[in-house]
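Colleague: Show me the folded form of this:
(one chain, ligands or ions: 2)
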Amino acid sequence: MKPILSCEEVRRLEDCIEAEGTSKATLMELAGEFAASVVAASDPKRVLILVGFGNNGGDGWVAADILAHKGIDVDVVSPVEPDEIPAALARHVARRTAGRDVNIVIGPSRDELAELVSRADVVVDAILGTGFHGSLRSPFSIWIPTVNELAAEVVAIDVPSGLDAETGTVEEDAIRAARTATMLAPKIGLYSADGPDYTGEILCGGLYDRLDEVIDDVDHAAEMVEPIDLIDFLEPLPSNIDKYSRGSVLVVAGSSSYPGAAIMAAKAAARAGAGYVAVATPATCANLIRMALPSVPVIDIPADSRGAFGAAARRAVCDAAKKFSCVLCGPGITTAAGCIDVVSGLLKLDVPLVLDADALNCLSKLSIGGLDETPELYRREAPLILTPHYRELSRLVDEEAVRDLGGAIEAAQRLLWAAGSDNFIVIAKGPVTAVAGVEKVLLPVSGPASMATAGTGDVLSGIVAGTVALNHAYEGPWELLCSYAVSLHSYTGFIAADRYGEKSVIATDLIDVIGDAMALASEEALKGLEDVPATTAKGA
Ligand SMILES: NC(=O)C1=CN([C@@H]2O[C@H](COP(=O)(O)OP(=O)(O)OC[C@H]3O[C@@H](n4cnc5c(N)ncnc54)[C@H](OP(=O)(O)O)[C@@H]3O)[C@@H](O)[C@H]2O)[C@@H](O)CC1
Ligand SMILES: [K+]
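Modeller: Ligands and ions are numbered 1, 2, ... in the order given. Model (predicted):
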């Protein structure tokens, strides 16, 4: 797992490293060295480095010196003379570099800058890093669009300038980098909101050789899950196994209006490895589901007049549910009164429970006085996994809209802390999906944009339930098991996009390639065993 930090956590980490005897000045030298190595990998003949007023610029000045020393032609563009740079560390290295073999241009006009950008093989953005705040001021508001328009290749140092390293938002404009060489640990903003559109590939320079010993002295905003972390879930099935020991899932789903959601979730649960999957659905749509899924028993549940779970559904569902290793409730159920009652009943059972889609909206209605006022939640001990997308998450916390990864993590943590159980997980689905538990927030690999299509959420909840059932002897951490399920789902997206075309993937395609996704997850994990590149964190 690779830590991802907030700006405050990075500052604390720098202080810890300094307390261990490595000064910030040394860190700047190492940061410049790392940035220079990332630039040199492109084998450029001419490099242009744009520096700002702060220490991000300092990294750029150090890199300029190193690249020039390698015989590369280096131009440095600065808004002020080296002597006038306000940040002391940056001023020191700027003065030193000014005495070396680099061409320094102070405050060029837009045309002069355009000329310099156009003739460089690589442009290095050392304008603004974690100290950026407010709106872009001149001259950077002119430099950034000029670089974006004319540069052949851009390497951003630490953070693309103009991108808020904490929130990932870009208010006006930001550098669009091919690669971002980030220092010590990736900043959370690189993965949130607009971040993924600007960072390109994220490369992380560890800088400090005993980083592993100090990084846990600060909190981590999140951690990136690597394929190797999931290796325990990739064991082949033992030969002495039967359908029950592979775990069972009851899928409580569907209504006359949405029988397909139940079909997709149940099929995904079976493909994810559960040995026995059954569906409990309103009697009005049971036959349709039977015909679609010949291998899956379907239990008729009393329906209301509109074909959703009716008043007598709670008892019938809960009686059936007790016998299963995992229950998934939600896909296609609607929020009729009988459905709210079913969700409330299931929450009280001592069975691992995955709530998705309309079950989450039922939960919002159940917990109207706040989650900490909802005994079904705070008294629960068996694992509970919620799989909300941003809109469902907003409803659950009853707050203004969740818009990005940072907001999703915050909202998920509010839910978790209200319930306060190690067995409670929120899978906050978005362009980058976060798996949040009380202890940790994990970021599994994200799938392609092709997956933004109806029904993929039903497939995910099916995969989660099937995975929980197959691993029914597992005792946690649940964040990791859920991250495995999310990774499988992402891999199905890549495989399906490859097979059917980026724009043509439909949710059912994902289900049929879950087995291939497992093979891909194994392949990726084995690669991780062979070569562990200590400094590379792939962009999500
Ligand atoms: N983490 C580490 O261990 C290490 C970190 N290191 C590096 O240090 C970087 C952080 O450095 P930093 O704190 O000096 O901030 P930085 O981003 O250079 O910007 C500050 C300057 O920009 C200005 N400014 C702000 N907003 C602006 C705007 N909207 N438009 C225009 N200007 C604006 C601001 O002016 P202000 O308004 O605040 O007076 C100030 O002058 C970090 O990202 C990493 O690269 C490495 O060297 C060593 C290891
Ligand atoms: K930068």
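Colleague: Kindly report the residues of the stretch 401-540 of the chain close to ligand 2.
Modeller: For the stretch 401-540 of the chain, the contact set with ligand 2 under Cβ under 5 Å from the ion is empty. To be clear about C-beta, it is placed using only N, CA and C from the backbone, and glycine gets the same treatment.
Colleague: Looking at the stretch 201-350 of the chain, which residue is nearest ligand 1?
Modeller: Taking Cβ to the nearest ligand atom, ligand 1 has its nearest neighbour within the stretch 201-350 of the chain at residue 207, 6.5 Å off.
Colleague: Run a quick neighbour tally on the closest residue to that residue other than its chain neighbours.
Modeller: Excluding the flanking residues, the one nearest residue 207 by Cβ to Cβ, 6 or more residues apart in numbering is residue 30, at 4.3 Å. A count of nearby residues for residue 30, using other Cβ atoms under 10 Å, gives 19.
Colleague: and stretch 410-427, how far from the chain's centre?
Modeller: Put simply, stretch 410-427 sits 17 Å off its chain's centre (Cα atoms, centre = their mean, to the nearest Å).
Colleague: Kindly report the same for stretch 168-180.
Modeller: So, by Cα atoms, centre = their mean, the centroid of stretch 168-180 is 18 Å from its chain's centroid.
Colleague: ditto for stretch 83-93
Modeller: Relative to the chain's own centre, stretch 83-93 is displaced by 37 Å; criterion: Cα atoms, centre = their mean.
Colleague: can it be found next to ligand 1?
Modeller: Yes - applying Cβ under 6 Å from any ligand atom, one finds that stretch 83-93 is in contact with ligand 1 at 86-87.
Colleague: Let me see the contact set for the residue of the stretch 201-350 of the chain closest to ligand 1.
Modeller: The contact partners of residue 207, by Cβ atoms under 8 Å, 6 or more residues apart in numbering, come to 27, 30-31, 34, 183-184.
Colleague: Now do the phi/psi pair for residue 446.
Modeller: Here is the backbone geometry of residue 446 (degrees, to the nearest 10): phi -90, psi 150.
Colleague: list the helices and strands the helix or strand bottoming out on mean pLDDT in the chain packs on?
Modeller: For the chain, using mean pLDDT, DSSP states H and E, the weakest element among its helices and strands is helix 375-378, scoring a mean of 79. Under the contact criterion of 3 or more Cβ pairs under 8 Å, 6 or more residues apart in numbering; DSSP states H and E, helix 375-378 touches helix 337-347, helix 405-419.
Colleague: want to try CSV for those, with distance to ligand 1 as columns?
Modeller: Listed next are the helices and strands packed on helix 375-378 as CSV, based on distance: least, Cβ to the nearest ligand atom, whole Å:
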stretch, distance to ligand 1
helix 337-347, 44
helix 405-419, 18
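Colleague: next SSE after the least confident helix or strand of the chain?
Modeller: Next along the chain after helix 375-378, taking DSSP states H and E as the criterion, comes strand 384-386.
Colleague: one step back: which of the helices and strands packed on helix 375-378 sits most buried?
Modeller: Compared across the helices and strands packed on helix 375-378, helix 337-347 shows the largest average neighbour count, a mean of 23 (mean count of other Cβ atoms under 10 Å).
Colleague: which element follows that helix toward the C-terminus?
Modeller: Proceeding N to C from helix 337-347, the next assigned helix or strand is strand 353-355, under DSSP H and E.
Colleague: Which strands or helices does whichever helix or strand comes after that next one pack on?
Modeller: Next along the chain after strand 353-355, taking DSSP H and E as the criterion, comes helix 358-366. In terms of contacts (3+ Cβ pairs under 8 Å, 6+ apart), helix 358-366 is packed against helix 337-347, helix 390-397.
Colleague: Looking at these, spot the one closest to ligand 2.
Modeller: Closest to ligand 2 of the helices and strands packed on helix 358-366, according to Cβ to the ion: helix 390-397, at 28.3 Å.
Colleague: what angle do that closest one and helix 358-366 make?
Modeller: Per axes from the mean of the first three to the mean of the last three Cα atoms, to 10 degrees, the angle that helix 390-397 makes with helix 358-366 is 30 degrees.
Colleague: now helix 390-397: mean pLDDT?
Modeller: If you average the pLDDT over helix 390-397, you get 92.
Colleague: Check which residues of it are buried.
Modeller: Within helix 390-397, the residues that count as buried by 16 or more other Cβ atoms under 10 Å are 390, 392-397.
Colleague: for stretch 1-20, same thing?
Modeller: By neighbour count on 16+ other Cβ under 10 Å, the buried set for stretch 1-20 is 1-7, 9-10, 12-14, 16-17.
Colleague: Between those, which sits nearest residue 225?
Modeller: residue 1 (6.1 Å; Cβ to Cβ).
Colleague: tell me the contacts of the closest one?
Modeller: Residues in contact with residue 1 (Cβ under 8 Å, 6+ apart) are 223-226, 229, 442.
Colleague: In strands, which of these appear?
Modeller: Within the contacts of residue 1, residues falling in strands by DSSP state E are 223-224, 442.
Colleague: In CSV: those, plus pLDDT, neighbour count and distance to ligand 1.
Modeller: CSV is the format used below for the ones in strands among the contacts of residue 1 (pLDDT from 0 to 100; neighbours: other Cβ atoms under 10 Å; distance: Cβ to the nearest ligand atom, whole Å):
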residue, pLDDT, neighbour count, distance to ligand 1
223, 97, 20, 18
224, 95, 25, 18
442, 98, 25, 23
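Colleague: from the residues you listed, which single one is nearest residue 129?
Modeller: For the ones in strands among the contacts of residue 1, the residue nearest residue 129 by Cβ to Cβ is residue 224; the value is 20.2 Å.
Colleague: Now that the closest one has come up, it's in contact with residue 2, right?
Modeller: Yes - counting by Cβ atoms under 8 Å, residue 2 is a contact partner of residue 224 at 4.3 Å.
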